[in-house]
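[1] Only the shape, not the letters, is given here:
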């Protein structure tokens, strides 16, 4: 089927008739209902329009060619042809005798009509009437002036001058053009007034910008119902049924959605008005803006669902608890009270929700009570690993052995190594028992502990908020005093330096299988892979210095905290 059959037109149809037929068939082949039929119609329309334009260009060139052809014919005219033309015009060769035989007649040089040629007074009166109707024209009296022009039979002249009026008065261009597209079919294939392509584009752009401004005001004022009614009203106008203008209008609305805030239901209803469907690939260009809007819809739907969960009555559900913790403004005391009943499921739900907010929908962070969605990790339980107690035992055993090296029985101090390792279990069990009691006590001033930690400990030292100033600081002070009691200043310096080096220097001597470490914590607690090489060197140096001081019994303050 060729383009003319699809458009239901003969082959000699002009461009204006093609546009009219295309506009009429658009009501049958709608892009949202029959995309394939619409595509065929569009291709046929463009092909027929190209043919009509080519035919018009060829017709415009024909007069020039025909005007140049008679010249060579005149050059080839012979005497016989000239004689025949002379007879036809009643011309004869010059004969003086014949002139004497014929009486001379005077030429009547007076004009045949003494009166001037009559002018078309009707056309002149029509133009004057149309010009008079445009005086004082405004948006309020435009319909009235048009009715008067129809009554006085000057509608065509009025419409033509109205178009000129639009461009001569930019302040009224939008209102006049908006009225004309509704009442005079401007910017449609069946408009009566003649416009150039530049004039059509200027009027269309003016109207579209005015429509966008009005729609944006409704959208920014959160008047969604009025905004939707406005979009439906504008989209139903005849000139926006033309495919190119329709696509331009939809692109403007797409950009408007990209620049403003809106709700997902409003976007869905506007998509229904225009027939947009992401699954079918029916949407305006550019595609990247469309995809960004789809992501915003998903983001907004996610946010609204989490808000609904935070207000839900299902207090036992883990996802509800996580949503309430992250979406509801609460003080640290309220957060701590809520978290006290959390278990593994609730903590996992918090982790999943925080991960989605942080990495999938980062634009939502500014709308949350706390932009740090992992703030809840500071409330996590902090169990003490089994390896910690093995290391505490090893450190106390070493300190006890060095302590006995400074006694009067230094010669037999090596024989006390085994008893020292056994006796070291006593303070370890005591510390473990005290720590079991200490952790519940710190829960009563947990919020204060968080506040002190946040204001005293630099964030760079503890970015994951694993340590608390009181809960973890007090046990460390007890350990420091214990080593000071056994070995004095050198013992305290050794413990403090060993811990600080391990905290600052992250390099380790090796690497262990995490699963093996988890299954056998008591066997791998003292493996060198857990320690920095600087820690090992520092420990060996300090043990040597302490042993030397103990053997020489230097006493206070190196190996004793108190004199005597």
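    Nice, I can see it. Bear in mind the structure is a predicted one, so any value in this text is a computation, not a measurement. Numbering: from 1, shown residues only.
[2] Residue 431: how many residues sit nearby?
    Using other CB atoms under 10 Å, residue 431 is surrounded by 19 other residues. Just so you know, the C-beta spots here come from the backbone N, C-alpha and C atoms, and that holds for glycine as well.
[3] Am I right that it falls within a helix?
    Yes - according to DSSP: H, G, I helix; E, B strand; the rest coil, residue 431 belongs to a helix.
[4] Can you name the residues that contact it?
    Contact analysis of residue 431 by CB atoms under 8 Å, 6 or more residues apart in numbering lists 392, 475, 478-479.
[5] Could you dump those residues into TSV and include neighbour count and distance to residue 137?
    Below are those laid out as TSV (neighbours: other CB atoms under 10 Å; distance: CB to CB, whole Å):
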residue	neighbour count	distance to residue 137
392	20	96
475	17	89
478	13	94
479	19	94
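[6] where along the stretch 1-150 of the chain do the helices fall?
    Along the stretch 1-150 of the chain, counting by DSSP state H, counting those that start in this stretch, helices occupy 3-7, 15-25, 35-68, 70-75, 79-88, 96-101, 121-134, 142-151.
[7] Could you pull out the buried residues of the first one?
    Going by neighbour count (16 or more other CB atoms under 10 Å), the buried part of helix 3-7 is 3-4, 6-7.
[8] farthest pair in these?
    The largest separation in the buried residues of helix 3-7, counting by CB to CB, is between 4 and 6 at 7.4 Å.
[9] Counting by contacts, list what the helix or strand harbouring residue 536 packs against.
    For residue 536, the element it lies in under DSSP states H and E is helix 533-551. With contacts defined as 3 or more CB pairs under 8 Å, 6 or more residues apart in numbering; DSSP states H and E, helix 533-551 has these neighbours: helix 386-405, helix 469-504.
[10] just checking, next helix/strand downstream of the shortest one?
    To tie it back to what came earlier, the one meant is helix 386-405. Counting by DSSP H and E, what follows helix 386-405 is helix 417-423.
[11] who's in contact with that following helix?
    393, 397, 400-401, 404.
[12] what do you get if the cut-off is 6 Å, keeping everything else the same?
    397, 400-401 (CB atoms under 6 Å, 6 or more residues apart in numbering).
[13] Let me have those in TSV, extended by distance to residue 240 and neighbour count.
    Shown next, in TSV, are the contacts of helix 417-423 (distance: CB to CB, whole Å; neighbours: other CB atoms under 10 Å):
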residue	distance to residue 240	neighbour count
397	88	21
400	92	22
401	93	23
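[14] tell me the most buried of the helices and strands packed on helix 533-551?
    Greatest average neighbour count among these goes to helix 386-405 (a mean of 19), per mean count of other CB atoms under 10 Å.
[15] ok, residue 52 touching residue 16?
    No - assessed by CB atoms under 6 Å, residue 52 is found out of contact with residue 16, at 8.9 Å.
[16] more neighbours, those two?
    Per other CB under 10 Å, whichever of residue 52 and residue 16 has more neighbours is residue 52, with 20 against 13.
[17] what sits against that one?
    Taking CB under 6 Å, 6+ apart, one finds 14-15, 18 in contact with residue 52.
[18] Kindly report the same for residue 529.
    So residue 529 contacts 508-512 (CB under 6 Å, 6+ apart).
[19] With residue 336 instead?
    Listed by CB under 6 Å, 6+ apart, the contact set of residue 336 reads 446-447.
[20] Quickly find the element holding it.
    Secondary structure from DSSP H and E places residue 336 in helix 332-339.
[21] sorry, back to before: show me the two of the contacts of residue 431 that sit farthest apart.
    392 and 478 (10.8 Å).
[22] which residues of the stretch 51-200 of the chain score low on pLDDT?
    Counting by pLDDT under 70, the stretch 51-200 of the chain has low-confidence residues at 58, 60-124.
[23] re the thing from before, just the buried residues of the contacts of residue 52.
    Members of the contacts of residue 52 classed as buried by 16+ other CB under 10 Å are 15, 18.
[24] Next one: residue 403 from residue 484, what distance?
    12 Å (CB to CB, to the nearest Å).
[25] Common neighbours of these two, please.
    Joint contacts of residue 403 and residue 484 (CB under 6 Å, 6+ apart) do not exist.
[26] Identify the residue spatially nearest to residue 478, adjacent ones excluded.
    residue 431 (7.2 Å; CB to CB, 6 or more residues apart in numbering).
[27] For residue 511, give me its contacts.
    Per CB under 6 Å, 6+ apart, neighbours of residue 511: residue 529.
[28] Helix, strand, or coil at it?
    Criterion first, three-state DSSP; result for residue 511: coil.
[29] Number the residues from 4 up from this point.
    Renumbered: residue one is now 4, and that last one reads residue 514.
[30] which one of the contacts of residue 55 sits closest to residue 172?
    Nearest to residue 172 among the contacts of residue 55, with distances taken as CB to CB, is residue 18, at 30.1 Å.
[31] Residue 247 sits in which helix or strand?
    Residue 247 belongs to helix 246-262, assigned by DSSP H and E.
[32] middle-most residue in this structure, spatially?
    Of all residues in the chain, the one closest to the mean position by CA atoms, centre = their mean is residue 295, 4.6 Å from it.
[33] Give me the nearest residue to that one, chain neighbours excluded.
    Using CB to CB, 6+ apart, the closest residue to residue 295 is residue 261 (6.5 Å).
[34] cool, residue 307 as well?
    In space, residue 307 is closest to residue 267, 7.3 Å off (CB to CB, 6+ apart).
[35] quick one: low-confidence ranges for the chain?
    Using pLDDT under 70, the chain drops low at 4, 34-35, 61, 63-127, 409-419, 467-468, 567.
[36] returning to that earlier point: the residue nearest to residue 307 contacts residue 301, correct?
    No - contact criterion CB under 6 Å: residue 267 and residue 301 do not qualify, at 8.9 Å.
[37] So residue 372, which state does it fall into?
    With three-state DSSP as the criterion, residue 372 reads coil.
[38] Distance of residue 502 relative to residue 394?
    11 Å.
[39] swap in residue 49?
    For residue 49, the distance to residue 394 - CB to CB - is 81 Å.
[40] ok, the closest residue in space to residue 359 that isn't next to it in sequence - how many residues close by?
    Spatially, and ignoring its direct neighbours in sequence, residue 359 is nearest to residue 305 (7.3 Å; CB to CB, 6+ apart). Residue 305 is flanked by 16 other residues according to other CB under 10 Å.
[41] Against residue 311, how distant is residue 305?
    Counting by CB to CB, the gap from residue 305 to residue 311 is 11 Å.
[42] so what are the domain limits for this protein?
    Here the domain parsing of the chain from automatic domain parsing is 6-65, 173-302, 308-382, 389-554.
[43] And the first one, how far out from the chain middle?
    On the basis of CA atoms, centre = their mean, to the nearest Å, the separation between the geometric centre of domain 6-65 and that of its chain is 38 Å.
[44] ditto for the third one
    Mean C-alpha position of domain 308-382 versus that of the full chain (CA atoms, centre = their mean) differs by 25 Å.
[45] what's the first-to-last distance across it?
    25 Å (CA to CA, to the nearest Å).
[46] One more: the second one?
    End-to-end distance of domain 173-302: 42 Å, with CA to CA as the criterion.
[47] List the contacts of stretch 145-161.
    Contacts for stretch 145-161 (CB under 6 Å, 6+ apart): 129-130, 132-133, 136, 182.
[48] What subset of those is buried?
    129, 132-133, 136, 182.
[49] Switch the residues you listed over to JSON lines; also include distance to residue 378.
    Shown next, in JSON lines, are the buried ones among the contacts of stretch 145-161 (distance: CB to CB, whole Å):
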{"residue": "129", "distance to residue 378": "80"}
{"residue": "132", "distance to residue 378": "78"}
{"residue": "133", "distance to residue 378": "74"}
{"residue": "136", "distance to residue 378": "72"}
{"residue": "182", "distance to residue 378": "59"}
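[50] ok, residue 229 - contacts?
    Residues near residue 229 by CB under 6 Å, 6+ apart: residue 221.
[51] 10 Å instead?
    The contact partners of residue 229, by CB atoms under 10 Å, 6 or more residues apart in numbering, come to 217-218, 220-222.
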